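Student: predicted model follows, preceded by the sequence.
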Amino acid sequence: MSTTGRGAPTATGRGMPAQTATAEREIVISRVIDAPRELVFEAFTEVRHLSQWWGPDGFTTTTRSFEFRVDGVWDFVMHGPDGTAYAEWITWTEIAAPERITLLHGESRDDPNPFESVLTFASDGGATRLEMRTVFRTKELRDEAVEKYGAVEGGRQTLGKLAAYVSSRGEG
C-alpha cells in the first residue's frame with residue numbers, strides 16, 4: 001500500500017522496485033512533515049526530543065543511556081499502554097546531518113537479529129520528506145515484525161507523533 005499526499009504516510013512492505021535486492025526484507029515508511037528539515041533531523045539527535053515522541057501511540061520511553069554519534073548507543077525501554085516493558089537498543093552507524101541517519105536496532109547489543117534503518121530527510125519547500133527504510137536479516141524476520149508486532153502501523157504512528165511534536169515546536 002502506498003499513498004503520496006502531503007502529510008500522508010506512505011508505507012510498503014514490498015520496498016522499492018526490483019532495483020533493490022532487499023525488497024522482500026524491507027519496510028519503507030515515509031511522511032511529509034510540515035517542519036523544516038533541520039528541526040526534524042534535530043528531533044532524532046537529542047534524547048530530550050526523542051523521549052517526547054518516540055514509539056507508537058500510547059507508548060512512552062525511558063532512556064538508560066544516549067550518545068548520538070557514530071558508534072554511539074541509545075539504550076532504552078519502551079513502555080506499552082498495557083504496561084509491558086520492551087528493552088531496546090540502537091547504535092548509530094552513519095550520521096550525515098541533516099540528510100541521513102543509519103542505525104542498527106535490536107533488543108540489546110547482543111541481539112542476533114538487529115535490523116538496519118536508514119532515515120533520509122529531504123527538504124520539500126518549508127516541509128521535510130522523511131523516509132524510513134528498514135531492512136531485516138531475513139524475510140521471515142520482516143514478516144514477524146509486520147504480523148506479530150505491527151511494524152508498519154507502529155512506524156506510521158511513530159512518524160505521526162514526530163510530525164505533531166516538531167509542528168508544535170515550530171509554532172510561536
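Tutor: Cool, the structure landed. Residues are numbered from 1 along each chain as shown.
Student: quick one: buried residues of stretch 114-132?
Tutor: Residues 114-121, 127-132 are the ones in stretch 114-132 that count as buried (16 or more other CB atoms under 10 Å). For every residue, glycine as well, the C-beta is placed using N, CA and C.
Student: that one: how far from the chain's middle?
Tutor: Distance, stretch centre to chain centre, for stretch 114-132: 9 Å (CA atoms, centre = their mean, to the nearest Å).
Student: what's it in contact with?
Tutor: Applying CB atoms under 8 Å, 6 or more residues apart in numbering, the set of residues contacting stretch 114-132 from outside is 6, 28-37, 39-41, 44, 89, 93, 98-106, 133-137, 141, 145, 155, 159, 162.
Student: go on, stretch 100-113?
Tutor: Contacts for stretch 100-113 (CB under 8 Å, 6+ apart): 41, 44, 73, 86-95, 114-121, 136-138, 141.
Student: at 7 Å what do you get?
Tutor: Residues from elsewhere that reach stretch 100-113 (CB atoms under 7 Å, 6 or more residues apart in numbering): 44, 87-95, 114-120, 137, 141.
Student: can you give me the buried ones in that stretch?
Tutor: Neighbour-count burial for stretch 100-113 [16+ other CB under 10 Å]: Ile101, Thr102, Leu103, Leu104, Gly106.
Student: cool, and stretch 143-153?
Tutor: Buried, per 16+ other CB under 10 Å, within stretch 143-153: Ala145, Val146, Ala151, Val152.
Student: distance-wise, check the most centrally placed residue in the chain relative to Asp82.
Tutor: The centre of the chain sits closest to Met132, judged by CA atoms, centre = their mean, with a distance of 5.7 Å. Met132 sits 25 Å away from Asp82, going by CB to CB, to the nearest Å.
Student: about what we covered before: nearest to Gly58, of the buried residues of stretch 143-153?
Tutor: Ala151 (15.8 Å; CB to CB).
Student: report the mean confidence score over stretch 128-142.
Tutor: Regarding stretch 128-142, the rounded mean pLDDT is 97.
Student: now name the helix or strand holding Val28.
Tutor: strand 26-33 (DSSP states H and E).
Student: now do the following helix or strand past that strand: distance to the chain's middle.
Tutor: Downstream of strand 26-33, the next assigned helix or strand under DSSP H and E is helix 37-42. Helix 37-42 sits 14 Å away from the centroid of its parent chain (CA atoms, centre = their mean).
Student: using CSV, list the CA coordinates for the helix or strand just after helix 37-42.
Tutor: Next along the chain after helix 37-42, taking DSSP H and E as the criterion, comes helix 47-53. C-alpha atoms of helix 47-53 as CSV (Å, rounded to 0.1, in the frame of the first residue of the first chain):
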residue,chain,number,x,y,z
VAL,A,47,17.2,12.4,23.9
ARG,A,48,15.1,15.3,25.3
HIS,A,49,13.3,15.4,21.9
LEU,A,50,13.2,11.6,21.3
SER,A,51,11.6,10.9,24.7
GLN,A,52,8.7,13.2,23.7
TRP,A,53,7.6,11.4,20.6
